[in-house]
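Colleague: Provided below are the primary sequence and the corresponding predicted coordinates.
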Amino acid sequence: MTAGKGSSDLEKEVLNAGLCTSCGACVNICPYIKVVKDRVAVIEPCGIAEGQCYDFCPRTPTDVAALDRIIFGEERSDSSLGSYLSIEMAQARDSDIRSRAQYGGVVSALMTYALSTGEIGSAVLTKPFDTGLMPTSALVEESSQVLECAGSNYVPSATLAELNKATKQPRGAIGVVGIPCQILALRKMQASQHQTGAKEVKLAIGLFCTWALSYKGFSEFLRRKVDPSSVKRIDIPPPPANTLVVHTKEGTIEFPLDEIRGSIKPACNVCFDMTSELADISVGMVEGMEDWNTLMVRTAVGEQLIAKAKADGIVETRPLDEARLAHLREAALTKKRRAISELVKRTGNETDLLYLRLSDADRRNFL
């Protein structure tokens, strides 16, 4: 997917337009783009007319149908959830993983398993925030390190910057865990005509994501409420809860989600994907259940890993009931409609969706 533009275009169309997702796909591929916290900047024009930075970005022209054909061999038949082979509830069998990880612990269990069995040799994951409240990406090469990266982060780290850095040296099969914009960028990297280490990624686990928060806004909010050094964990429980839960050394504090909505990154308002539709496996919460995950298997790679993990007692699955599946589909569809509405609002033209390339039929379906 060669876009035919460079860093100056990226700066104008994405960074200065409030569309940057902080995915890190443009970082560590040249010396002219840097990331600090969750802010990406072009520090000097490089003069390259057709740059990898523009080509890889999830907010530059993106042909969803073309990516579907590359990844799944056909275009999607489910307009709300994308292509998938199965949808179930799942839970890690290991109680220690469940107690330390998020919800059912499925992502941590699968990455631990994939590393321990040699399915992958390393994984790019995200470590939870420290006292500075900013999560960091990390290359993990031992299964014992996975739980150091367990838990949710609501400020995005530049995950793919770590991938770009790691793949400067040959590493063999790599796994990546990311939110939808990061998985989209990863797939654009893999589909690109440019040479990239992303083609070494053999397992992509995508997380459900409704929105992410800016570091500046969220950290300022928390500093007004609690001592950052006392914060141990942050969580947003599954619906119908509508709260931010902050676990501190002194106890637990809850805040209405409406108090932090002003810190949502502008790029999230034009995001078309809630369930990481281009991943091998997608994992999210289950409505009303804090100890289970929703598990969507999308590719043969994902299907094979899940089958092995179930056979070896790593995860267990149960059917996802029709009511919860219907709510999931409606939530995903609502996010798409809001994104399309915001894109049209920005351009003033129903046929101009900025970065998103959809067929006329698909576009009309979401208007």
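Modeller: Thanks, I have the structure now. The structure presented is a predicted model; accordingly, all values stated were derived computationally and were not measured.

Colleague: where does the stretch 51-200 of the chain have low pLDDT?
Modeller: Segments of the stretch 51-200 of the chain classed as low confidence (criterion: pLDDT under 70) are 131.

Colleague: Do a quick rundown of the helices in the stretch 251-367 of the chain.
Modeller: 300-311, 322-347, 360-366 (DSSP state H, counting those that start in this stretch).

Colleague: got those as TSV, with mean neighbour count and distance to residue 215 columns?
Modeller: For glycine as for every other residue, the C-beta is placed from the backbone atoms N, C-alpha and C. Putting those into TSV (neighbours: other C-beta atoms under 10 Å; distance: least, C-beta to C-beta, whole Å) gives the following:
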stretch	mean neighbour count	distance to residue 215
helix 300-311	17	31
helix 322-347	16	22
helix 360-366	14	30
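
Colleague: For those, give me CSV that also has mean pLDDT and distance to residue 45.
Modeller: Rendered in CSV, the data for these read as follows (pLDDT from 0 to 100; distance: least, C-beta to C-beta, whole Å):
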stretch, mean pLDDT, distance to residue 45
helix 300-311, 98, 39
helix 322-347, 97, 25
helix 360-366, 87, 34
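
Colleague: just the angle between the lengthiest strand in the chain and helix 322-347, please?
Modeller: Using DSSP state E, we find that the single longest strand of the chain is strand 289-297. Going by axes from the mean of the first three to the mean of the last three C-alpha atoms, to 10 degrees, strand 289-297 is angled at 70 degrees with respect to helix 322-347.

Colleague: Flag every buried residue along strand 289-297.
Modeller: Applying a neighbour-count criterion of 16 or more other C-beta atoms under 10 Å, one finds 292, 293, 294, 295, 296, 297 buried in strand 289-297.

Colleague: same thing with stretch 110-125?
Modeller: Within stretch 110-125, the residues that count as buried by 16+ other C-beta under 10 Å are 110, 111, 112, 113, 114, 115, 119, 120, 122, 123, 124, 125.

Colleague: Can you give the contact residues for that stretch?
Modeller: Residues lying outside stretch 110-125 but in contact with it, judged by C-beta atoms under 8 Å, 6 or more residues apart in numbering, are 97, 137-143, 146-147, 149, 159-160, 162-163, 166, 171-177, 202-203, 205, 281, 305-306, 308-309, 312, 314-315.

Colleague: could you redo the last one with a cut-off of 7 Å?
Modeller: In this structure, residues lying in contact with stretch 110-125 by C-beta atoms under 7 Å, 6 or more residues apart in numbering are 137-143, 146, 149, 159, 162-163, 166, 171-177, 202-203, 205, 305, 309, 314-315.

Colleague: Next: stretch 336-343.
Modeller: 80, 269, 270, 271, 272, 353, 354, 356, 366, 367.

Colleague: chain center to that stretch: distance?
Modeller: Its chain's C-alpha centre and that of stretch 336-343 lie 19 Å apart, by C-alpha atoms, centre = their mean, to the nearest Å.

Colleague: ditto for stretch 182-198
Modeller: When distances are taken as C-alpha atoms, centre = their mean, stretch 182-198 is centred 14 Å away from the chain's centroid.
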